[in-house]
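Visitor: Kindly generate the corresponding structure for this input.
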Amino acid sequence: MSRLRPNAGFTLIEVLVSMAVFSIFMSGASAFFSDNFRRSKDGEIVVKTNAKAQRLVNLLLYEMRMIGSGVPFSQANFAIGGSGLGNAPNPILTGATATLATVRLSEYGVVSVLEADFDPSSSLTLDLSNVDDVAIGDFIYVSNATTGGAEGLQGEVLSVVGTSVTIDTPTSPAQERRFLLALFYIV
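Guide: This next block holds a predicted model:
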């Protein structure tokens, strides 16, 4: 006859040791998971805050462009109300009183990009990447501020053919420069 071992469970000591090892393991794992969860929530809060800040900045820039008639603020040679580049409009019109200020509005404040070099001394025709919002009579501001320059040009749209826009500018030839840059315009 074979000797069978009788069915028996774990002893109390074995159960207590197992529970102690399991508790130590789970407390370490829960601390790790809760720390990672906290970090993920912090990252989520930072992303949401950055998105809200970006929306706010875009809204403020839009409002600032409306008040400033679309003149690029980073453009040193666009002296608003000065005698710099031609007849850039004043943001607050001369009819302002102590209790009323009428401002010139820009509906879009759209930015486009020149497709090719623009040399105003030879031609006043620009090739733009997007002309969807450009119409005859709009004012266009050409700026090389995005490339670190301080030159600019303001003109009124005379014609739009395909992606080519012809402007008329009151800028004197002494102030004209060659541009490979971004373009600002208002409608």
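
Visitor: can you count the residues close to Leu158?
Guide: Leu158 is surrounded by 13 other residues when neighbours are defined as other Cβ atoms under 10 Å. To be clear about C-beta, it is placed using only N, CA and C from the backbone, and glycine gets the same treatment.

Visitor: mind checking pLDDT for it?
Guide: The predicted structure scores Leu158 at 89 on the pLDDT scale.

Visitor: Surely it is within a strand?
Guide: Yes - counting by DSSP: H, G, I helix; E, B strand; the rest coil, Leu158 falls inside a strand.

Visitor: hang on, it packs against Ile167?
Guide: Yes - applying Cβ atoms under 8 Å, one finds Leu158 in contact with Ile167, separated by 6.2 Å.

Visitor: Please, where are all the helices along the chain?
Guide: Listed from the start of the chain, the chain has helices (DSSP state H) covering 12-67.

Visitor: Low-confidence ranges, it, go.
Guide: Along the chain, the model assigns pLDDT under 70 to residues 1-6, 8, 61-111, 143-152, 170-187.

Visitor: redo that, cut-off 80
Guide: Counting by pLDDT under 80, the chain contains low-confidence ranges at 1-10, 38, 40-41, 43, 57-123, 129-130, 132-133, 138-156, 169-187.

Visitor: What is the burial count for Val134?
Guide: By the other Cβ under 10 Å criterion, the neighbourhood of Val134 contains 19 residues.

Visitor: Now it. Its backbone dihedrals?
Guide: With angles defined as degrees, to the nearest 10, Val134 shows backbone torsions of phi -90, psi 130.

Visitor: Would you work out how far apart the start and end of stretch 120-131 are?
Guide: Between the start and the finish of stretch 120-131 there is a gap of 19 Å, counting by Cα to Cα, to the nearest Å.

Visitor: and if you look at stretch 154-168?
Guide: Using Cα to Cα, the span of stretch 154-168 from its first residue to its last is 9 Å.

Visitor: Report the buried residues of it.
Guide: Of the residues in stretch 154-168, those buried under the neighbour-count criterion (16 or more other Cβ atoms under 10 Å) are 154-155, 157, 165, 167.

Visitor: Nearest to Met26 among the residues you listed?
Guide: Minimum distance to Met26 across those is 69.1 Å, recorded for Val165 (Cβ to Cβ).

Visitor: Am I right that the closest one is in contact with Val134?
Guide: Yes - counting by Cβ under 8 Å, Val134 is a contact partner of Val165 at 5.7 Å.

Visitor: Find residues that contact each of the two.
Guide: Common neighbours of Val165 and Val134, using Cβ atoms under 8 Å, 6 or more residues apart in numbering, are 128, 140, 157.

Visitor: any chance of those residues in JSON lines, plus distance to Gly9?
Guide: What follows is the shared contacts of Val165 and Val134, written out as JSON lines (distance: Cβ to Cβ, whole Å):
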{"residue": "Leu128", "distance to Gly9": "84"}
{"residue": "Ile140", "distance to Gly9": "88"}
{"residue": "Val157", "distance to Gly9": "91"}
